[in-house]
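Engineer: Have a look at this prediction, sequence included:
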Amino acid sequence: MKLSAVLPALLVIVFVFVFANAGYACVCGVDETTPVKMQVNTAKAGAHSVFAGEVLKITESKDRNTLFVTIRVEALWKGTKTGQKVITITPSETCSYTFYVGEKYLVYAYKYEGAERAGLCSRTKLLAGAAEDISYLGKKLKK
């Protein structure tokens, strides 16, 4: 059998294995060459609330499809002044964010179906790695 006859089939097989899971990746549409200040300003403008705080507890809905993350608000840049916020997460979604009890986060929450949510594309991150974002968020709102 000639290599020229086998090569197209071999390329198709390689392509399928290499790109088989590409459809499941979270695609945020953020141009990484955009300056961070502009990314932060855009994320803040599109968010329902922006705050920093510690995760106090994570509870699961009865149908086990939704998680409710209770966060003690320690700093607020946008949104309603409150001591705690509950962020709704759907773990089965490709772009859902994973929170851990006891960890502190900078959260850019958006409103969807009446609930505040956070995802991988919302710029939500561990507070320890959020200094640059915080420097561009501007003045905190008073509690």
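Structural biologist: Cool, got the structure. Numbering: from 1, shown residues only.

Engineer: partners of the residue nearest to Leu126 when sequence neighbours are not counted in the sheet?
Structural biologist: Of all residues beyond its chain neighbours, the one nearest Leu126 is Tyr105 (6.0 Å), with distances taken as CB to CB, 6 or more residues apart in numbering. No exception for glycine: its C-beta is placed from N, CA and C like everyone else's. Per DSSP bridges, the residues bridged to Tyr105 are Gly53, Leu126.

Engineer: burial measure for Tyr105, as a count.
Structural biologist: Tyr105 has 24 neighbouring residues, counting by other CB atoms under 10 Å.

Engineer: List the contacts of it.
Structural biologist: Ala52, Gly53, Glu54, Val55, Ile71, Phe99, Thr124, Lys125, Leu126, Leu127, Ala130 (CB atoms under 8 Å, 6 or more residues apart in numbering).

Engineer: what pLDDT does it get?
Structural biologist: Per-residue confidence (pLDDT) for Tyr105: 97.

Engineer: what's the spacing between it and Lys78?
Structural biologist: Using CB to CB, to the nearest Å, one obtains 15 Å as the distance from Tyr105 to Lys78.

Engineer: sorry, back to before: could you flag which of the contacts of Tyr105 are buried?
Structural biologist: Those of the contacts of Tyr105 that meet the buried threshold are Ala52, Gly53, Val55, Ile71, Phe99, Thr124, Lys125, Leu127, Ala130, by 16 or more other CB atoms under 10 Å.

Engineer: Closest to Val27 out of those residues?
Structural biologist: The shortest gap between Val27 and any of those belongs to Thr124, at 16.7 Å (CB to CB).

Engineer: Tell me who's in contact with that closest one.
Structural biologist: Thr124 makes contact with Tyr97, Tyr105, Leu106, Val107, Tyr108, Ala109, Ala118 under the criterion CB under 8 Å, 6+ apart.
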